[in-house]
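> build me a model:
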Amino acid sequence: MKESMSITSSTYASALLTLPWGTPLEQWPDNLIAALPRGISRHIVRFVGINRGIVAVKEIGARTAHHEYKMLRELQRLGAPSVRPVAVITGRHPAEEDYGELTAALVTEHLEFSLPYREIFSRHLTVVESEKLIRALSVLLVRMHLLNFYWGDVSLSNTLFRRDAETYSAYLVDAETGEFQPNLSESRRLYDVDIARVNIIGELMDLQAGECLDKSIDVIALGGLVESSYLELWTELTAEESVDASEYWRLSERIDRLNQLGFDVGELKVTKDDSRQVVRIRPVVVDPGHYRAELLSLTGLSVEEHQAQRLLGSIQAYQAVECGPHVGLTQAAHLWMTNEYEPTIAAVPVEMLDKLEPAQIFHEIVDHRWFLAQERGGAVTLPEATASYLESVLPARRDEARLLSTNPSDEDLS
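The predicted model follows:
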(Lines give C-alpha, C1' and ligand atoms only; values in the text may rest on other atoms or scores of the structure.)
Protein backbone atom coordinates (compact mmCIF):
# COMPACT_ATOMS: atom_id res chain seq x y z
CA MET A 1 0.00 0.00 0.00
CA LYS A 2 1.40 3.39 -0.98
CA GLU A 3 0.54 6.36 1.19
CA SER A 4 1.38 10.05 1.03
CA MET A 5 0.67 11.80 4.30
CA SER A 6 0.71 15.41 5.37
CA ILE A 7 0.81 15.77 9.15
CA THR A 8 0.90 18.92 11.25
CA SER A 9 2.69 17.25 14.16
CA SER A 10 5.10 14.34 14.11
CA THR A 11 3.58 13.13 17.39
CA TYR A 12 0.61 11.78 15.37
CA ALA A 13 2.63 10.01 12.68
CA SER A 14 3.20 6.65 14.34
CA ALA A 15 -0.42 6.37 15.50
CA LEU A 16 -1.87 7.31 12.11
CA LEU A 17 0.34 4.85 10.23
CA THR A 18 -1.21 1.94 12.15
CA LEU A 19 -4.74 2.70 10.93
CA PRO A 20 -6.21 0.60 8.07
CA TRP A 21 -6.06 3.20 5.31
CA GLY A 22 -6.36 0.47 2.67
CA THR A 23 -9.94 -0.17 3.81
CA PRO A 24 -12.93 2.13 3.09
CA LEU A 25 -13.76 4.14 6.21
CA GLU A 26 -17.27 2.70 6.53
CA GLN A 27 -15.72 -0.79 6.83
CA TRP A 28 -13.30 0.00 9.64
CA PRO A 29 -13.64 -2.43 12.58
CA ASP A 30 -15.74 -1.44 15.57
CA ASN A 31 -12.81 -1.77 17.96
CA LEU A 32 -11.25 1.31 16.35
CA ILE A 33 -14.37 3.45 16.40
CA ALA A 34 -15.05 5.75 19.37
CA ALA A 35 -18.72 5.93 20.37
CA LEU A 36 -19.23 9.69 20.11
CA PRO A 37 -22.31 11.56 18.83
CA ARG A 38 -21.97 12.51 15.17
CA GLY A 39 -23.75 15.20 13.26
CA ILE A 40 -25.19 14.85 9.77
CA SER A 41 -22.54 14.98 7.02
CA ARG A 42 -22.59 14.43 3.28
CA HIS A 43 -19.30 12.55 3.74
CA ILE A 44 -18.45 9.44 5.73
CA VAL A 45 -17.05 10.50 9.12
CA ARG A 46 -15.74 8.30 11.94
CA PHE A 47 -14.20 9.08 15.34
CA VAL A 48 -11.13 6.98 16.02
CA GLY A 49 -9.22 6.48 19.26
CA ILE A 50 -5.42 6.65 18.99
CA ASN A 51 -2.70 6.99 21.58
CA ARG A 52 -2.82 10.79 21.31
CA GLY A 53 -6.55 10.95 21.96
CA ILE A 54 -9.50 10.92 19.56
CA VAL A 55 -9.47 12.13 15.98
CA ALA A 56 -12.21 12.59 13.41
CA VAL A 57 -11.55 11.01 10.01
CA LYS A 58 -13.55 12.26 7.02
CA GLU A 59 -13.35 10.75 3.53
CA ILE A 60 -13.28 13.57 1.03
CA GLY A 61 -11.69 14.38 -2.35
CA ALA A 62 -7.97 15.10 -2.26
CA ARG A 63 -8.19 18.67 -3.58
CA THR A 64 -10.99 19.55 -1.14
CA ALA A 65 -9.16 17.85 1.74
CA HIS A 66 -6.00 19.87 1.13
CA HIS A 67 -8.01 23.07 0.83
CA GLU A 68 -9.91 22.45 4.06
CA TYR A 69 -6.69 21.47 5.83
CA LYS A 70 -5.13 24.76 4.73
CA MET A 71 -8.16 26.81 5.84
CA LEU A 72 -8.30 25.13 9.26
CA ARG A 73 -4.58 25.66 9.81
CA GLU A 74 -4.92 29.36 9.08
CA LEU A 75 -7.97 29.65 11.34
CA GLN A 76 -5.99 27.99 14.12
CA ARG A 77 -3.09 30.37 13.57
CA LEU A 78 -5.46 33.31 13.91
CA GLY A 79 -6.98 31.91 17.10
CA ALA A 80 -10.42 31.34 15.57
CA PRO A 81 -12.82 28.89 17.27
CA SER A 82 -12.48 25.88 14.99
CA VAL A 83 -11.32 22.26 15.02
CA ARG A 84 -7.60 21.58 14.71
CA PRO A 85 -6.37 19.83 11.52
CA VAL A 86 -3.99 16.88 11.88
CA ALA A 87 -3.35 15.35 8.46
CA VAL A 88 -4.46 14.73 4.89
CA ILE A 89 -4.17 11.10 3.84
CA THR A 90 -3.85 10.44 0.10
CA GLY A 91 -2.63 7.54 -2.02
CA ARG A 92 -4.87 5.04 -0.24
CA HIS A 93 -4.55 1.79 -2.19
CA PRO A 94 -6.52 -1.30 -1.11
CA ALA A 95 -5.03 -4.79 -1.00
CA GLU A 96 -7.12 -5.87 -3.99
CA GLU A 97 -5.27 -4.63 -7.06
CA ASP A 98 -8.44 -4.47 -9.18
CA TYR A 99 -10.00 -1.99 -6.76
CA GLY A 100 -9.37 1.67 -7.55
CA GLU A 101 -7.65 4.16 -5.27
CA LEU A 102 -9.71 5.05 -2.19
CA THR A 103 -10.97 8.52 -1.40
CA ALA A 104 -8.53 10.80 0.42
CA ALA A 105 -9.14 11.47 4.12
CA LEU A 106 -8.92 14.58 6.28
CA VAL A 107 -8.00 14.00 9.93
CA THR A 108 -8.85 16.55 12.64
CA GLU A 109 -8.64 16.51 16.42
CA HIS A 110 -11.86 15.78 18.26
CA LEU A 111 -13.00 18.88 20.13
CA GLU A 112 -13.43 17.71 23.71
CA PHE A 113 -16.74 18.38 25.49
CA SER A 114 -18.34 19.45 22.21
CA LEU A 115 -21.70 18.32 20.89
CA PRO A 116 -23.42 18.44 17.50
CA TYR A 117 -26.66 20.38 17.47
CA ARG A 118 -28.83 17.27 17.10
CA GLU A 119 -27.49 15.87 20.34
CA ILE A 120 -28.35 19.11 22.13
CA PHE A 121 -31.81 19.45 20.59
CA SER A 122 -32.60 15.82 21.36
CA ARG A 123 -32.94 16.91 25.00
CA HIS A 124 -36.05 18.93 24.10
CA LEU A 125 -34.63 22.40 24.60
CA THR A 126 -36.82 25.29 25.61
CA VAL A 127 -37.22 28.29 23.32
CA VAL A 128 -34.74 30.25 25.45
CA GLU A 129 -32.11 27.51 25.22
CA SER A 130 -32.67 27.18 21.48
CA GLU A 131 -32.12 30.93 21.07
CA LYS A 132 -28.83 30.67 22.98
CA LEU A 133 -27.62 28.10 20.47
CA ILE A 134 -28.53 30.30 17.52
CA ARG A 135 -26.88 33.35 19.09
CA ALA A 136 -23.71 31.34 19.65
CA LEU A 137 -23.62 30.56 15.94
CA SER A 138 -24.16 34.26 15.18
CA VAL A 139 -21.14 35.17 17.31
CA LEU A 140 -19.06 32.52 15.53
CA LEU A 141 -20.04 33.90 12.13
CA VAL A 142 -19.15 37.44 13.19
CA ARG A 143 -15.75 36.26 14.41
CA MET A 144 -15.08 34.54 11.09
CA HIS A 145 -16.04 37.64 9.12
CA LEU A 146 -13.82 39.86 11.26
CA LEU A 147 -10.96 37.66 10.05
CA ASN A 148 -12.12 38.18 6.43
CA PHE A 149 -13.10 34.52 6.24
CA TYR A 150 -16.03 33.63 3.99
CA TRP A 151 -17.61 30.40 5.25
CA GLY A 152 -19.87 29.58 2.30
CA ASP A 153 -21.90 26.84 3.99
CA VAL A 154 -22.99 28.13 7.40
CA SER A 155 -25.25 25.71 9.23
CA LEU A 156 -25.84 24.02 12.55
CA SER A 157 -24.50 20.80 11.00
CA ASN A 158 -21.14 22.43 10.29
CA THR A 159 -20.80 23.70 13.85
CA LEU A 160 -19.95 22.12 17.18
CA PHE A 161 -21.12 23.55 20.50
CA ARG A 162 -19.58 23.60 23.95
CA ARG A 163 -21.34 24.61 27.13
CA ASP A 164 -20.10 27.97 28.42
CA ALA A 165 -21.61 28.74 31.85
CA GLU A 166 -25.27 29.57 31.11
CA THR A 167 -24.82 29.72 27.36
CA TYR A 168 -22.88 28.02 24.52
CA SER A 169 -19.71 28.59 22.52
CA ALA A 170 -19.72 27.62 18.85
CA TYR A 171 -16.83 26.18 16.80
CA LEU A 172 -16.44 25.82 13.05
CA VAL A 173 -16.03 22.18 12.11
CA ASP A 174 -16.31 22.22 8.31
CA ALA A 175 -14.31 24.59 6.09
CA GLU A 176 -14.69 22.86 2.73
CA THR A 177 -16.27 25.89 1.07
CA GLY A 178 -14.46 28.52 3.15
CA GLU A 179 -11.88 30.96 1.88
CA PHE A 180 -10.01 34.00 3.13
CA GLN A 181 -10.56 37.29 1.32
CA PRO A 182 -8.21 40.31 1.26
CA ASN A 183 -11.21 42.36 2.38
CA LEU A 184 -14.50 40.52 2.85
CA SER A 185 -17.23 42.51 1.11
CA GLU A 186 -20.59 43.32 2.66
CA SER A 187 -22.39 41.32 -0.04
CA ARG A 188 -20.36 38.19 0.77
CA ARG A 189 -20.98 38.66 4.49
CA LEU A 190 -24.72 39.04 4.03
CA TYR A 191 -24.81 36.08 1.65
CA ASP A 192 -23.20 33.98 4.40
CA VAL A 193 -25.86 35.21 6.82
CA ASP A 194 -28.65 34.34 4.40
CA ILE A 195 -27.22 30.86 3.88
CA ALA A 196 -27.17 30.43 7.65
CA ARG A 197 -30.81 31.52 7.97
CA VAL A 198 -32.06 29.18 5.23
CA ASN A 199 -30.00 26.20 6.42
CA ILE A 200 -31.02 26.63 10.06
CA ILE A 201 -34.71 26.80 9.20
CA GLY A 202 -34.37 23.59 7.16
CA GLU A 203 -32.45 21.82 9.92
CA LEU A 204 -34.97 22.85 12.58
CA MET A 205 -37.90 21.76 10.40
CA ASP A 206 -36.19 18.38 10.04
CA LEU A 207 -35.90 18.17 13.84
CA GLN A 208 -39.58 18.96 14.23
CA ALA A 209 -40.49 16.27 11.71
CA GLY A 210 -38.45 13.81 13.75
CA GLU A 211 -40.16 14.99 16.96
CA CYS A 212 -36.86 16.19 18.42
CA LEU A 213 -38.07 19.78 18.59
CA ASP A 214 -41.33 20.94 20.11
CA LYS A 215 -43.84 21.76 17.38
CA SER A 216 -44.80 24.95 19.22
CA ILE A 217 -41.37 26.45 18.52
CA ASP A 218 -41.41 28.89 15.60
CA VAL A 219 -38.51 27.64 13.47
CA ILE A 220 -38.88 30.57 11.04
CA ALA A 221 -38.36 33.00 13.91
CA LEU A 222 -35.36 31.00 15.18
CA GLY A 223 -33.83 31.04 11.71
CA GLY A 224 -34.40 34.78 11.51
CA LEU A 225 -32.70 35.21 14.88
CA VAL A 226 -29.32 34.29 13.41
CA GLU A 227 -29.67 37.22 11.01
CA SER A 228 -30.92 39.81 13.52
CA SER A 229 -28.37 38.88 16.20
CA TYR A 230 -25.57 38.87 13.63
CA LEU A 231 -26.48 42.33 12.35
CA GLU A 232 -26.79 43.70 15.88
CA LEU A 233 -23.39 42.35 16.92
CA TRP A 234 -21.68 43.40 13.68
CA THR A 235 -22.96 46.96 14.06
CA GLU A 236 -21.86 47.11 17.70
CA LEU A 237 -18.38 45.93 16.77
CA THR A 238 -17.74 47.94 13.63
CA ALA A 239 -19.89 51.09 13.65
CA GLU A 240 -18.11 54.43 13.68
CA GLU A 241 -19.09 56.82 16.42
CA SER A 242 -18.73 60.61 16.52
CA VAL A 243 -17.87 61.97 19.96
CA ASP A 244 -17.19 65.43 21.30
CA ALA A 245 -13.77 66.04 22.83
CA SER A 246 -15.36 66.49 26.26
CA GLU A 247 -17.51 63.35 26.08
CA TYR A 248 -15.06 60.49 25.99
CA TRP A 249 -17.17 58.75 28.64
CA ARG A 250 -19.44 57.79 25.73
CA LEU A 251 -16.53 55.97 24.15
CA SER A 252 -15.86 54.20 27.45
CA GLU A 253 -19.48 53.04 27.44
CA ARG A 254 -19.05 51.64 23.91
CA ILE A 255 -15.94 49.74 24.98
CA ASP A 256 -17.84 48.32 27.97
CA ARG A 257 -20.51 46.96 25.63
CA LEU A 258 -17.84 45.30 23.49
CA ASN A 259 -16.28 43.74 26.60
CA GLN A 260 -19.62 42.31 27.66
CA LEU A 261 -19.95 40.70 24.23
CA GLY A 262 -16.61 38.92 24.74
CA PHE A 263 -14.45 41.27 22.66
CA ASP A 264 -11.60 43.58 23.53
CA VAL A 265 -10.41 46.66 21.67
CA GLY A 266 -7.43 45.83 19.51
CA GLU A 267 -7.06 49.35 18.17
CA LEU A 268 -8.71 52.75 18.45
CA LYS A 269 -8.35 55.29 15.68
CA VAL A 270 -9.61 58.84 16.08
CA THR A 271 -9.91 61.37 13.25
CA LYS A 272 -10.96 64.95 13.95
CA ASP A 273 -13.55 66.85 11.97
CA ASP A 274 -13.93 70.41 13.28
CA SER A 275 -15.07 69.98 16.92
CA ARG A 276 -16.12 66.35 16.47
CA GLN A 277 -14.08 63.17 16.52
CA VAL A 278 -14.87 59.99 14.62
CA VAL A 279 -13.81 56.85 16.44
CA ARG A 280 -13.01 53.58 14.68
CA ILE A 281 -12.70 50.43 16.76
CA ARG A 282 -11.02 47.17 15.78
CA PRO A 283 -12.31 44.38 18.05
CA VAL A 284 -10.41 41.23 19.06
CA VAL A 285 -11.43 38.15 21.04
CA VAL A 286 -9.88 37.75 24.50
CA ASP A 287 -9.04 34.86 26.83
CA PRO A 288 -10.09 34.47 30.50
CA GLY A 289 -7.91 36.55 32.83
CA HIS A 290 -6.79 38.78 29.97
CA TYR A 291 -7.97 42.03 31.54
CA ARG A 292 -6.43 41.43 34.98
CA ALA A 293 -3.05 40.59 33.47
CA GLU A 294 -3.05 43.57 31.11
CA LEU A 295 -4.12 46.08 33.75
CA LEU A 296 -1.50 44.78 36.19
CA SER A 297 1.16 45.14 33.50
CA LEU A 298 0.10 48.68 32.60
CA THR A 299 -0.66 50.17 36.03
CA GLY A 300 0.41 47.78 38.78
CA LEU A 301 -3.21 47.58 39.95
CA SER A 302 -4.31 44.06 40.98
CA VAL A 303 -8.09 43.85 40.77
CA GLU A 304 -10.88 41.46 39.76
CA GLU A 305 -11.44 40.60 36.10
CA HIS A 306 -14.55 42.71 35.52
CA GLN A 307 -13.06 45.65 37.42
CA ALA A 308 -9.96 45.38 35.26
CA GLN A 309 -12.16 45.25 32.18
CA ARG A 310 -13.82 48.52 33.15
CA LEU A 311 -10.59 50.30 34.09
CA LEU A 312 -8.93 49.27 30.82
CA GLY A 313 -11.94 50.66 28.97
CA SER A 314 -11.42 53.98 30.76
CA ILE A 315 -7.73 53.96 29.83
CA GLN A 316 -8.45 53.23 26.18
CA ALA A 317 -11.06 55.97 26.01
CA TYR A 318 -8.66 58.40 27.71
CA GLN A 319 -5.95 57.46 25.21
CA ALA A 320 -8.23 58.00 22.22
CA VAL A 321 -9.57 61.41 23.24
CA GLU A 322 -7.13 63.02 25.67
CA CYS A 323 -3.80 61.86 24.21
CA GLY A 324 -2.19 62.58 20.88
CA PRO A 325 -2.04 60.00 18.07
CA HIS A 326 1.58 59.13 18.90
CA VAL A 327 0.93 58.31 22.57
CA GLY A 328 1.06 54.55 23.17
CA LEU A 329 -1.15 52.63 25.58
CA THR A 330 1.60 52.32 28.21
CA GLN A 331 2.17 56.07 28.33
CA ALA A 332 -1.58 56.73 28.22
CA ALA A 333 -2.05 54.39 31.19
CA HIS A 334 0.56 56.36 33.16
CA LEU A 335 -1.16 59.65 32.31
CA TRP A 336 -4.56 58.18 33.21
CA MET A 337 -3.27 57.01 36.58
CA THR A 338 -1.73 60.44 37.27
CA ASN A 339 -4.58 62.60 36.01
CA GLU A 340 -7.69 60.50 36.64
CA TYR A 341 -7.43 57.42 38.84
CA GLU A 342 -5.12 58.64 41.62
CA PRO A 343 -6.79 62.09 42.04
CA THR A 344 -10.21 60.40 42.15
CA ILE A 345 -9.20 57.92 44.85
CA ALA A 346 -7.34 60.66 46.75
CA ALA A 347 -10.61 62.62 46.91
CA VAL A 348 -12.29 59.86 48.95
CA PRO A 349 -12.42 60.84 52.66
CA VAL A 350 -10.28 58.64 54.89
CA GLU A 351 -13.32 57.50 56.87
CA MET A 352 -14.90 56.10 53.68
CA LEU A 353 -11.91 54.19 52.32
CA ASP A 354 -13.03 50.95 53.98
CA LYS A 355 -16.41 50.95 52.30
CA LEU A 356 -15.21 49.55 48.97
CA GLU A 357 -12.00 48.64 47.20
CA PRO A 358 -10.45 51.62 45.38
CA ALA A 359 -10.95 49.99 41.96
CA GLN A 360 -14.63 49.36 42.76
CA ILE A 361 -15.07 52.96 43.90
CA PHE A 362 -13.59 54.24 40.63
CA HIS A 363 -15.77 51.83 38.66
CA GLU A 364 -18.91 53.09 40.44
CA ILE A 365 -17.91 56.72 39.92
CA VAL A 366 -17.62 56.03 36.17
CA ASP A 367 -21.12 54.52 36.25
CA HIS A 368 -22.39 57.46 38.29
CA ARG A 369 -20.89 59.86 35.75
CA TRP A 370 -22.80 58.14 32.96
CA PHE A 371 -26.13 58.44 34.83
CA LEU A 372 -25.48 62.10 35.58
CA ALA A 373 -24.70 62.78 31.93
CA GLN A 374 -27.91 61.04 30.90
CA GLU A 375 -29.93 63.19 33.28
CA ARG A 376 -28.20 66.38 32.22
CA GLY A 377 -28.17 65.54 28.53
CA GLY A 378 -24.56 66.67 28.30
CA ALA A 379 -21.01 66.06 29.43
CA VAL A 380 -20.10 65.65 33.09
CA THR A 381 -16.47 65.94 34.20
CA LEU A 382 -14.87 63.27 36.33
CA PRO A 383 -14.34 65.64 39.31
CA GLU A 384 -18.03 66.59 39.17
CA ALA A 385 -19.10 62.96 39.14
CA THR A 386 -16.67 62.16 41.96
CA ALA A 387 -18.02 64.95 44.19
CA SER A 388 -21.61 63.88 43.53
CA TYR A 389 -20.85 60.20 44.21
CA LEU A 390 -19.00 60.95 47.46
CA GLU A 391 -21.88 63.09 48.65
CA SER A 392 -24.90 61.03 47.61
CA VAL A 393 -23.86 57.40 47.08
CA LEU A 394 -20.81 56.25 49.00
CA PRO A 395 -21.91 57.41 52.49
CA ALA A 396 -24.85 54.99 52.35
CA ARG A 397 -22.65 51.99 51.55
CA ARG A 398 -21.58 49.55 54.25
CA ASP A 399 -17.93 49.25 55.23
CA GLU A 400 -17.14 46.07 53.30
CA ALA A 401 -13.54 45.89 54.47
CA ARG A 402 -14.73 45.91 58.08
CA LEU A 403 -17.40 43.31 57.33
CA LEU A 404 -14.81 40.99 55.85
CA SER A 405 -12.38 41.39 58.75
CA THR A 406 -14.87 40.95 61.58
CA ASN A 407 -16.29 37.48 61.00
CA PRO A 408 -18.75 36.66 63.84
CA SER A 409 -17.10 33.29 64.39
CA ASP A 410 -13.79 35.05 65.01
CA GLU A 411 -15.41 37.24 67.67
CA ASP A 412 -16.77 34.14 69.41
CA LEU A 413 -13.28 32.64 69.59
CA SER A 414 -11.92 35.74 71.27
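
> buried sites along stretch 171-191?
Judged by neighbour count (16 or more other C-beta atoms under 10 Å), stretch 171-191 contains these buried residues: 171-178, 184, 188-189. Placement of C-beta: from N, CA and C, glycine included.

> nearest to A65, of those?
When the buried residues of stretch 171-191 are ranked by distance to A65 (C-beta to C-beta), E176 comes first, at 8.8 Å.

> pLDDT below threshold where in the stretch 201-350 of the chain?
Scanning the stretch 201-350 of the chain for pLDDT under 70 picks out the ranges 240-249, 259-289.

> helices of that one, start to end?
Secondary structure of the stretch 201-350 of the chain by DSSP state H, counting those that start in this stretch: the helices cover 219-238, 248-260, 290-299, 305-322, 329-336, 342-346.

> run through who's touching the first one.
What it means is helix 219-238. Helix 219-238 has contacts (C-beta atoms under 8 Å, 6 or more residues apart in numbering) with 130-131, 134-135, 137-139, 141-142, 145-146, 189, 193-194, 196-198, 200-201, 204-205, 208, 213, 257-258, 261, 263, 281, 283.

> mind checking which of the residues you listed are buried?
130-131, 134-135, 137-139, 141-142, 145-146, 189, 193, 196-197, 200-201, 204, 208, 213, 258, 263, 281, 283.

> around the residue nearest to P395 when sequence neighbours are not counted, how many other residues sit close by?
If you skip the residues right next to it in sequence, P395 has M352 as its closest partner in space, 7.1 Å away by C-beta to C-beta, 6 or more residues apart in numbering. For M352, the count of nearby residues is 14 (other C-beta atoms under 10 Å).

> again, but for the one 4 residues further on
Close neighbours of L356, defined as other C-beta under 10 Å, add up to 19.

> thinking again about what came up before, list the contacts of the residue nearest to P395.
390, 394-395.

> for it, what are phi and psi?
Here is the backbone geometry of M352 (degrees, to the nearest 10): phi -110, psi 0.

> show me what S82 is bridged to.
Per DSSP bridges, the residues bridged to S82 are L172.

> got the contact list for it?
S82 sits in contact with 72, 75-76, 171-173, 175, where contact means C-beta under 8 Å, 6+ apart.

> mark out where each domain of the protein begins and ends.
Domains of the chain are assigned by automatic domain parsing as 4-110, 115-237, 239-402.

> just say which of the ones you listed is most tucked in.
domain 115-237 (a mean of 18; mean count of other C-beta atoms under 10 Å).

> next, the distance between the ends of it.
One end of domain 115-237 to the other measures 28 Å (C-alpha to C-alpha, to the nearest Å).

> helix or strand right after the helix or strand harbouring E129?
Per DSSP states H and E: E129 is located in helix 127-146. For helix 127-146, the succeeding helix or strand toward the C-terminus, using DSSP H and E, is strand 149-150.

> neighbouring strands - and their directions - for that next one?
With DSSP bridges as the test, strand 149-150 pairs up with strand 179-180 (antiparallel).

> dump the buried residues of stretch 171-191 to JSON lines, plus distance to H93.
Listed next are the buried residues of stretch 171-191 as JSON lines, based on distance: C-beta to C-beta, whole Å:
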{"residue": "Y171", "distance to H93": "34"}
{"residue": "L172", "distance to H93": "32"}
{"residue": "V173", "distance to H93": "29"}
{"residue": "D174", "distance to H93": "27"}
{"residue": "A175", "distance to H93": "27"}
{"residue": "E176", "distance to H93": "24"}
{"residue": "T177", "distance to H93": "29"}
{"residue": "G178", "distance to H93": "30"}
{"residue": "L184", "distance to H93": "40"}
{"residue": "R188", "distance to H93": "40"}
{"residue": "R189", "distance to H93": "43"}
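
> can I get those residues in CSV with pLDDT and secondary structure?
Output for those, formatted as CSV (pLDDT from 0 to 100; DSSP: H, G, I helix; E, B strand; the rest coil):
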residue, pLDDT, secondary structure
Y171, 93, strand
L172, 96, strand
V173, 94, coil
D174, 94, coil
A175, 95, coil
E176, 94, coil
T177, 95, coil
G178, 97, coil
L184, 96, coil
R188, 97, helix
R189, 97, helix
